[in-house]
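**Student:** what follows is a predicted structure for the sequence shown.
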Amino acid sequence: MSETGSVWSEQDTTPADIEAAMRELLKERHSETEAFVPARVLNLVVIVDREWSGEIRNRLDRVGSYNASRTILCNVEQGRQTIDASATMTAEEDLAKGELAVAHEQIVLEIGEKHLKNLDTIVDPLVVSDLATLVWSPHRHHEAVDAMRKLAQIVLIDSQNTEGAEHAVKRSRELADRHYVVDLAWLRSTPWRERVAFTFDPVQWRPELQRISSVSVRHEPSSAMAGLLLLGWMSSRLGWSPSRLTEHGGKTSGSARTHRQDIKLQLEPDSTMTTPGLAGITVETSTGMSISLDRGAGGLAARRSWPDGKEQTWTVTGASRGESGILGEGIRQALLRDGTYAPALAAAERMVA
Amino acid sequence: MATEGGHADHQRAPAPDDTDNPLAEGLERLPVHPTTLTIFGATGDLSKRKLLPAIYNLAHEGALPERFCLIGSSRSELSADDFRQLAIDSIKEFSRRKPDEKVLEALLANVRYVSGAFNEDAVYGELEKITDEFDEKGGIAFNRVYYLSTSPSFFPVIVGQLGAHGLDSHEGSEVRVVIEKPIGRNLQEARDLNRAVLDVLDEDQAFRIDHYLGKETVQNMLAFRFANGLFEPIWNRNYVDYVQITSAEDIGIGSRAGYYDTSGALRDLVQNHMLQLLCLLCMEPPVNFFADEVRDEKVKVLHAIHPPERGEVKDMAVRAQYTAGVEAGEDVKGYKDEADVPEDSSTETFAALRLEVDNWRWAGVPIYLRTGKRLARKVTEIAVTLKPVPHLAFNQGGSVGVQPNQIVLTMQPNEGVSISLGAKIPGSTMRIRPVNMEFLYGTAFMSQSPEAYERLIMDAMRGDATLFTRDDEVEAQWAICDPILQAWADDDAPVHTYEAGSGGPEEADELLRPGEKWRTI
């Protein structure tokens, strides 16, 4: 697919000038071709350290069809006093008869740290009115995210990238009080949550949910948060009361209480895994049944075994989304609402408090 | 409010009982019981182009049931490995995404194949053996879904054999049969087919596909009508002047003369897809979106359309055939010059009808349906034209004038909705011109819609029949089309013609009321 674009830039500019330039760009593109239509789904505001801006732009370029309609990329440069800006409006070029070219708009702001605490006053004129606004700060400019609290309805985070699970959970809870939070660490657990739910869904297996005696989650070493959220999800969905997990011998473990029994919980880093995310989960029940799901070729390798040695193995098909897929999924989730994250986070908080 | 454990009550789900699966709540994808899918006609065109790629894409997205097994069956003498390779080749050629080799391998690792004629007992014996083996290995009774991707003449044979071999039911699991259109070539055949199917199966086991219903944009009609208070007050004879439903294709019949020449445009598109669009447009709001509630409302619309008497057909239906012309700058053949089309063929490649839904909501509102091959462009749309304003204070000199408002729902290519409004032309005088307010799916939802068959196959596995047609629906659709087909079969007058690449035959204009025009294709 080839694209065509219009570009504008100005140094020491103002939001009003940038907004006026966007309107002119739109008129200009539309006058060139009536097939040019602006996308109107979502605003995305990204606050990044300038030296890492290229990497973030590459990640955004790879999200495929999950592009925001207007992306405002704020490059933060130490010591900068003025605002420079550039804007582009791109659309597909090779159209068949009757097709429309959906535009994607990007504004790049070069700002200084001094601009962060009032970032909303800079960004407000630039977002498309009446669309949801998603803010993402991969380089932890918390001040900027806090400044956007009235303008942004949704905050994209990756709690996996916050140092320390306790701090990550605390920050996520704070944000969740004010915004709808899309957490990439949570989204990494989606296929696992689905598969655990599906595995226990046949009527003959549902009673086993109440007989779960242990859950062990294996994760890429830096992805403990995804594992914690998976345990938190099971706890909150199944009515468990988890207590604090403690580290011992490289693993983190503890328990959750139900009115029937205590359940052992464990997080285990898997050093053989090199991509972020989860490596596997094993659920055991008091009847002796054990179910394991592990990353494998073409999907998840599933195994169900019984105390008498009987065993079944099969593959649950599915392709890995990769990190660009996760980011795209995070942007898509900004338009949806998942009511199970907040209770899972609350349960996870109990495991790290 | 925190409990003594310090955990807020509202955030913890109540302890489940034995029949619940609280893990499924809140998931975007709901669990589907382990399923064995058998495709009869597995080596045919539909299977290669649509079904196998759809199954792959479901596998790619992790949407298939936790346990899933695939069996192909057809007359071709193939081994399981041969069928696996056929599936791989088809998926690589027709999938909407480039397949992941590992997912492909995992999906087809256990695929099985049974060759034989559909009336052979041995085929069903073998199928039973394989499906039982899958159950045994899985430690659970899998649901069975049999997809009949065959000529309709085989439906009674296959369903009859499934019944004869006890495969129409299975203890501990569901058995469903998916049937492709056409459901018969006329009303009597449709009734006979339905009877043959329902002699063996219950109605809730029969899933009759109309793949238009699997399209996101068609489903969006329900959202458009019933999730917005804006439109319902005007969605009736008091405000709507007329409706045009168009399904136009710019391609010819290609190599499908064998099927098409015995079918024609009315059977191919009007009897099923276009009447379904009409139903969604005209139906009353259902009380909920369970399958039967929705289908009940659609059937009411069909029953309100009086089938024409023989003598009325010439005034309410037009048929035509394309002749040589120019499409996208290239010369193209006429229908009778296409491969394998008989020289004396009277099969219509274009059909236009004027119908009326005779009920309180729609009485007196003409609904025009139009479909054809080799028209100017590909478009499927529903255009609802409102009545003109009762009084115009503006002088309309110097402008195209005030046009009646139009609401256009486009299914393809640019899926979305547009509303035409009158707006003032900038200047010192009050001159009005029409402008469009548009909502386009592609600009508002970012993602690529799943292919219709992916949605429908999943729904069949899930047992959700909302997007499938019911036996009385199919028969009501045929009741409208049958008299037209019979009149055309008896009519010795030549079929009208239209040039390929045009908007259709001039004779279609005669269906319209004075002052009305067909929308430009």
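**Tutor:** Looks like it arrived, so ask away.

**Student:** where does the chain dip in pLDDT?
**Tutor:** Unless you meant another one, I'm taking chain A. Applying pLDDT under 70 to chain A flags residues A:1-4, A:96-99.

**Student:** chain B is the one I meant
**Tutor:** B:1-18, B:394-401, B:441-450.

**Student:** out of all of them, which helix in it is the longest?
**Tutor:** helix B:471-490 (DSSP state H).

**Student:** now for that one, which elements pack on it?
**Tutor:** Counting contacts by 3 or more C-beta pairs under 8 Å, 6 or more residues apart in numbering or on different chains; DSSP states H and E, helix B:471-490 is packed against helix B:187-198, strand B:206-209, helix B:275-282, helix B:291-303, helix B:313-316, strand B:317-323. Every residue, glycine included, has its C-beta placed from N, CA and C.

**Student:** just so I know, which of these lies nearest A:T313?
**Tutor:** A:T313 lies closest to strand B:206-209 among these, at 31.4 Å (C-beta to C-beta).

**Student:** any idea how far the closest one is from the chain center?
**Tutor:** The chain centroid and the centroid of strand B:206-209 are separated by 11 Å, computed with C-alpha atoms, centre = their mean, to the nearest Å.

**Student:** sheet-wise, list the partners of that strand with their directions.
**Tutor:** strand B:175-179 (parallel), strand B:468-469 (antiparallel) (DSSP bridges).

**Student:** any chance you could list what contacts the last one?
**Tutor:** What that stands for is strand B:468-469. Strand B:468-469 is contacted by residues B:183, B:207-210, B:213, B:272, B:276, B:291, B:295, B:456, B:459-460, B:477 when judged by C-beta atoms under 8 Å, 6 or more residues apart in numbering or on different chains.

**Student:** circling back to that earlier point, dump the helices and strands packed on helix B:471-490 to TSV, plus distance to B:T43 and mean neighbour count.
**Tutor:** Formatted as TSV, these follow (distance: least, C-beta to C-beta, whole Å; neighbours: other C-beta atoms under 10 Å in any protein chain shown):
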stretch	distance to B:T43	mean neighbour count
helix B:187-198	23	18
strand B:206-209	19	23
helix B:275-282	29	24
helix B:291-303	31	19
helix B:313-316	40	16
strand B:317-323	32	24
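
**Student:** reformat those as TSV; add distance to A:S222.
**Tutor:** Compiled in TSV, the helices and strands packed on helix B:471-490 are given as follows (distance: least, C-beta to C-beta, whole Å):
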stretch	distance to A:S222
helix B:187-198	56
strand B:206-209	46
helix B:275-282	50
helix B:291-303	47
helix B:313-316	70
strand B:317-323	63
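
**Student:** the stretch 251-353 of chain A against chain B: which residues are in contact?
**Tutor:** A:258-259, A:297-299, A:302, A:304, A:312, A:314-319, A:331-332, A:335-336, A:338-340, A:342-343, A:346-347, A:350 (C-beta under 8 Å from any C-beta of the partner chain).

**Student:** to what extent is the residue nearest to B:A196 when sequence neighbours are not counted buried, counted in neighbours?
**Tutor:** The shortest distance from B:A196 to any non-neighbouring residue, by C-beta to C-beta, 6 or more residues apart in numbering or on different chains, is to B:P156 (3.6 Å). Number of residues near B:P156 (other C-beta atoms under 10 Å in any protein chain shown) recorded here: 16.

**Student:** so B:P156 makes contact with B:L198?
**Tutor:** No: contact criterion C-beta atoms under 8 Å: B:P156 and B:L198 do not qualify, at 10.9 Å.

**Student:** break down the stretch 301-450 of chain B into its strands, ranges please.
**Tutor:** In the stretch 301-450 of chain B, the segments counted as strands under DSSP state E, counting those that start in this stretch are B:317-323, B:325-327, B:330-332, B:350-356, B:366-372, B:379-386, B:406-412, B:416-424, B:432-440.

**Student:** in space, what's closest to whichever residue of the stretch 151-300 of chain A sits closest to chain B - neighbours in sequence excluded?
**Tutor:** Residue of the stretch 151-300 of chain A nearest chain B, by C-beta to the nearest C-beta: A:G298 (2.8 Å). Take A:G298 and drop its neighbours on the chain: the residue closest to it by C-beta to C-beta, 6+ apart is B:A106, 2.8 Å away.

**Student:** and that neighbour, what does it touch?
**Tutor:** A:297-299, A:315, A:317, B:59.

**Student:** that one is in what secondary structure piece?
**Tutor:** helix B:101-108 (DSSP states H and E).

**Student:** could I get the CA-only coordinates of that helix as CSV?
**Tutor:** Extracted in CSV, the C-alpha atoms of helix B:101-108 (Å, rounded to 0.1, in the frame of the first residue of the first chain):
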residue,chain,number,x,y,z
GLU,B,101,3.1,-21.9,9.3
LYS,B,102,3.1,-23.2,12.9
VAL,B,103,-0.6,-22.4,13.4
LEU,B,104,-1.4,-24.0,10.1
GLU,B,105,0.5,-27.1,11.0
ALA,B,106,-1.1,-27.3,14.4
LEU,B,107,-4.6,-26.8,13.0
LEU,B,108,-4.2,-29.5,10.4
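
**Student:** tell me which residues of it come out buried.
**Tutor:** Using 16 or more other C-beta atoms under 10 Å in any protein chain shown as the test for burial, helix B:101-108 gives B:102-108.

**Student:** quick one on the thing from earlier: got the contact list for the residue of the stretch 151-300 of chain A closest to chain B?
**Tutor:** Listed by C-beta under 8 Å, 6+ apart, the contact set of A:G298 reads A:315, A:317-318, B:100, B:102-107.

**Student:** now distance to B:C69 too, for the residues you listed, in a markdown table please.
**Tutor:** As requested, the contacts of A:G298 are arranged in a markdown table below (distance: C-beta to C-beta, whole Å):
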| residue | distance to B:C69 |
| --- | --- |
| A:T315 | 12 |
| A:T317 | 12 |
| A:G318 | 16 |
| B:D100 | 20 |
| B:K102 | 18 |
| B:V103 | 16 |
| B:L104 | 16 |
| B:E105 | 15 |
| B:A106 | 12 |
| B:L107 | 10 |
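
**Student:** mind naming the longest helix for chain A?
**Tutor:** helix A:15-32.

**Student:** and the residue lying closest to A:D294 once chain neighbours are set aside, what does it touch?
**Tutor:** Distance criterion C-beta to C-beta, 6+ apart; nearest residue to A:D294, sequence neighbours excluded, is A:G280 at 3.7 Å. For A:G280, the contacting residues are A:217-218, A:270, A:292-295, by C-beta under 8 Å, 6+ apart.
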